[in-house]
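Visitor: just the structure for this:
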Amino acid sequence: MHIYLVGGAVRDKLLKRPVVDHDRVVVGATPEALLALGYKPVGKDFPVFLHPQTGEEYALARTERKSGRGYHGFVFQTDATITLEQDLARRDLTINAIAEDEHGALTDPFGGVADIEARVLRHVSEAFVEDPVRVLRVARFAARFAPLGFSVAAETMTLMQQMVRDGEVDHLVPERVWAETRKALGEARPSAFLRVLRECGALAVLFPEVDALYGVPQRAEFHPEIDTGVHVEMVLDAAAALAPGNDVVGFCALGHDLGKALTPAAELPRHVGHEHRGVAPLRALAARLKVPTEHAALAELVCREHLNVHRALELKPATVLKLLTATDALRRPARLDLFLAACTADKRGRLGHGEDAYPQADYLRQARAVAAAVESASFIAQGMTGPAIGQAMENARIHAIAGLRANPSGHRSAV
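Guide: Numbers count the residues shown, from 1 in each chain. Modelled structure (predicted):
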C-alpha cells in the first residue's frame, strides 16, 4: 500500500499558497485493508475513508468511465490493481493531477508542474468532456488564479465549447451549478468566471439573465466602460476586494443590474426604472439555481434599492429611515454592512472609479446608529401605549437622522 498527497494540496504548495485541504490517494489497497487499520468509510459513490487520528480524507485509487449524461453518469472502478497514473488520468486539469509521496518526490505524468510555471489551465485528457461540471470548475479556477496570471489553454477552451454545443451543460443540476458559482463568487477575481463561461458559451445556457447584459450600453458620463456586462464584471471584482470571500456580497453584485437587459431599445443608453425591472429576472435566477434564501433576499434589496443608496445624502430623513427599515438594519447591522458593500462595489465597478470615496455608506451607518439608539422605554414612561409608541419612536428616529444634516461639520467628519 502506498499513500500520496494529491490534487490541490500539491498544486498550492508549488504555488506557495496556503494549503487548506490535504487529500490523499491510496494505491494498492482494498476497502477491507483500510477498515482493518481503523479508517472510517464516508464515500457514497466510491471508497473514501477518514484517517482514524487526523480525520483527513483518504480515497482509494480509482478509474471512471462515462455511462450516461450529466454529472452522475459515471461508473467507478476501485481495486488494488489501479495505478497512481490511472488515478491521476481521471482528474480535470493538469495542475490538479500531480502527486507527492512521503519523501516529497513528485509524480507528474501530464505536465502539471510545467503548466503551473506557464500559468495555464489545461485539461488532462479527452475524458474531460465526459463531466460537464468541469466547465464550471475551470471557470472557478480562472477566478481563483487570474491574479497570478493563469489563463485557459486554447485547446481546453475548444473542448468546453464543444461540450456546450453537445448539450452536456444542459444536464447540470441546479445544486452543482450553485455550488461552483458560490465558490467562484468568493474568489479574488470572479469576473474571470463570467468571462470563461461566456467564451465557451455556457453563460448563455446557465446564466441567461447575466449573459443578456453584454452589449447593452450605458451612459458614458456615469459608466465610462459603456457595456453593462463589463460593468457587472467590474462590480464583482470590486465586491471581492471589499468583502473578500463573501459570496453573499458577490451574488448581490452579480444580480444588481439585471434589469438593464430589459430596458426598451428606444430608451438606451438610459435605464430609467431598471432597479425595479431587475427584480423579476433576479428572482428567476435565484429560483432556478436554488440560491439560499438570504442570498436571494439581500440581492433583491440591492437590486431594488441601490440607486437610493447612491443618492442617500439627498434623501429626506423619513426616506432614509424607510431604507434602513427595508434592509432590517436596525436589528441586523451586519446585514447593513453587506448591503452597503454591494452598493459600494457598484459605485467603484466603473472604469476609472475603482478608488472613489463612498460617503453614502458611512452616512447610512451613522443614520442607523442614531435611529437604533431610540428605544421604547422613554415613551412607555411617558404613559404611551400601543401604536402611539411605534409612531413616537418613528418620529424620534426621523428627528435623530435629521440631526445629522443639521450638524454638517460633524457629518463631514463621519463620512
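Visitor: now what about stretch 239-254, what contacts it?
Guide: 182-183, 185-190, 210, 232, 235-236, 238, 291, 294-296, 298-299, 302-303, 338-339, 341-342, 344-346, 348-349 (CB atoms under 8 Å, 6 or more residues apart in numbering). (C-beta placed from N, C-alpha, C; glycine too.)
Visitor: put the alpha carbons of that stretch into PDB.
Guide: Taking Å, rounded to 0.1, in the frame of the first residue of the first chain, the C-alpha atoms of stretch 239-254 are listed here in PDB:
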ATOM      1  CA  ALA A 239     -17.100  43.300  -4.300                       C
ATOM      2  CA  ALA A 240     -14.300  40.700  -4.000                       C
ATOM      3  CA  ALA A 241     -11.900  43.400  -2.900                       C
ATOM      4  CA  LEU A 242     -14.400  45.000  -0.400                       C
ATOM      5  CA  ALA A 243     -15.600  41.700   1.100                       C
ATOM      6  CA  PRO A 244     -13.000  39.000   0.400                       C
ATOM      7  CA  GLY A 245     -14.500  35.600   0.200                       C
ATOM      8  CA  ASN A 246     -18.100  36.700   0.800                       C
ATOM      9  CA  ASP A 247     -20.300  35.000  -1.700                       C
ATOM     10  CA  VAL A 248     -23.400  36.900  -0.400                       C
ATOM     11  CA  VAL A 249     -22.000  40.200  -1.400                       C
ATOM     12  CA  GLY A 250     -20.800  38.500  -4.600                       C
ATOM     13  CA  PHE A 251     -24.300  37.300  -5.500                       C
ATOM     14  CA  CYS A 252     -25.700  40.800  -4.800                       C
ATOM     15  CA  ALA A 253     -23.100  42.200  -7.200                       C
ATOM     16  CA  LEU A 254     -23.900  39.600  -9.900                       C
END
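Visitor: starting at the chain centroid, how far to that stretch?
Guide: Centroid separation between stretch 239-254 and its chain, computed with CA atoms, centre = their mean, to the nearest Å, is 7 Å.
Visitor: okay, buried residues for that stretch please.
Guide: 239-243, 246-254 (16 or more other CB atoms under 10 Å).
Visitor: any idea which of the residues you listed is the one closest to Glu102?
Guide: Distance to Glu102 across these (CB to CB) is lowest for Asp247, with 35.9 Å.
Visitor: look up how far Arg140 lies from the closest one.
Guide: 12 Å (CB to CB, to the nearest Å).
Visitor: go on, Leu285?
Guide: For Leu285 relative to Arg140 (CB to CB), the value is 18 Å.
Visitor: over to Leu37?
Guide: On the measure of CB to CB, Leu37 and Arg140 end up 35 Å apart.
Visitor: so between these two, which is more surrounded?
Guide: Arg140 (24 against 13; other CB atoms under 10 Å).
Visitor: make sure that one is indeed in a strand.
Guide: No - when classified by DSSP: H, G, I helix; E, B strand; the rest coil, Arg140 is found to be helix rather than part of a strand.
Visitor: show me the contacts for it.
Guide: Glu180, Lys183, Ala184, Glu187, Phe193.
Visitor: in helices, which of these appear?
Guide: Glu180, Lys183, Ala184, Phe193 (DSSP state H).
Visitor: can you tell me which of the residues you listed lies nearest to Thr156?
Guide: Phe193 (15.3 Å).
Visitor: show the pLDDT at the closest one.
Guide: According to the prediction, Phe193 has pLDDT 98.
Visitor: so how many other residues sit close to it?
Guide: Residues lying near Phe193 (other CB under 10 Å) number 30.
Visitor: please look at it and Ala142 and confirm they touch.
Guide: Yes - Phe193 is within contact range of Ala142, at 6.4 Å (criterion: CB atoms under 8 Å).
Visitor: burial measure for Gln218, as a count.
Guide: Neighbours of Gln218 using other CB under 10 Å come to 24.
Visitor: that one and Thr228 touch, don't they?
Guide: Yes - if you go by CB under 8 Å, Gln218 and Thr228 touch, sitting 5.7 Å apart.
Visitor: taking the buried residues of stretch 239-254 one by one, which sit in helices?
Guide: Using DSSP H, these in helices are Ala239, Ala240, Ala241, Leu242, Asp247, Val248, Val249, Gly250, Phe251, Cys252, Ala253, Leu254.
Visitor: closest one of the residues you listed to His22?
Guide: Closest to His22, out of all of these and judged by CB to CB, is Asp247, at 23.8 Å.
Visitor: count of neighbours near Ala287?
Guide: 11.
Visitor: ok, now Pro147?
Guide: 13.
Visitor: distance from the chain centre to the longest helix along the chain, please.
Guide: Counting residues, the longest helix found in the chain (DSSP H) is helix 387-406. With CA atoms, centre = their mean as the basis, helix 387-406 stands 38 Å off its chain's centre.
Visitor: identify all contacting residues around that helix.
Guide: 317-318, 320-321, 363, 366-367, 370-371, 373-376, 379-380, 384, 410-411, 414.
Visitor: make it 6 Å
Guide: Pro317, Ala318, Val320, Leu321, Ala367, Val370, Ala371, Val374, Ser376, Phe379, Met384, His411 (CB atoms under 6 Å, 6 or more residues apart in numbering).
Visitor: tell me the mean pLDDT for the helix or strand where Val25 lies?
Guide: In the assignment (DSSP states H and E), Val25 maps to strand 23-27. What strand 23-27 shows for mean pLDDT is 92.
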